[in-house]
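Undergrad: No sequence on hand, only this structure:
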């Protein structure tokens, strides 16, 4: 068990650090199927509901369908405590989007994310359609493993881990999203 053996943990971290420059945005991103977004035509009430329900304070705002992301809506705890928040337009809380290629390495993406207030980017394919999202937290987890920030609601809605298990000598069980 790696939790009982500190040298195993250190070896895993060293391996992650060495691999850092080779890891692509596409490998570290959250796939679009796992992303919660807001249609740009929806009212502020819906934005607040999604943030409260899912625990994400940043939501991609899309036009038509989620592959057409136009902005990022950010509602922090202070915003949610404003008594008249529902009277405000959702556009008051939106910012422009940083688009990244899935082929870009995470060491190239990190400074771009650090320069943004929301620390978030949309990953797009060669046609400009969104295929995922990436945050600084996703990149840091590539090096240091899972980050427990204390207020992360993902413990209630855990991210699916990619499974690769040998059932017998000729049979393997794999998650459909595992990187090959």
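TA: Looks like it arrived, so ask away. Just so you know, these numbers come straight off a predicted model, no measurement behind them. Numbers count the residues shown, from 1 in each chain.
Undergrad: May I have the phi/psi pair for residue 41?
TA: For residue 41, the backbone dihedrals (degrees, to the nearest 10) come out as phi -90, psi -10.
Undergrad: how close does it sit to residue 61?
TA: Residue 41 sits 10 Å away from residue 61, taking C-beta to C-beta, to the nearest Å as the criterion. Where you see a C-beta, it was placed from the backbone N, CA and C, and this is true even at glycine.
Undergrad: of those two, who's got more company?
TA: Counted by other C-beta atoms under 10 Å, residue 41 and residue 61 do not tie: residue 61 has more neighbours, with 23 against 11.
Undergrad: ranges for the strands of the chain?
TA: 30-31, 38-39, 58-62, 69-74, 94-95, 99-100, 120-124, 130-135, 164-168, 171-174 (DSSP state E).
Undergrad: Mind jotting down where the helices sit in the protein?
TA: Along the chain, counting by DSSP state H, helices occupy 6-19, 25-28, 44-54, 77-81, 106-114, 136-144.
Undergrad: now, of those helices, which is deepest in the fold?
TA: helix 25-28 (a mean of 19; mean count of other C-beta atoms under 10 Å).
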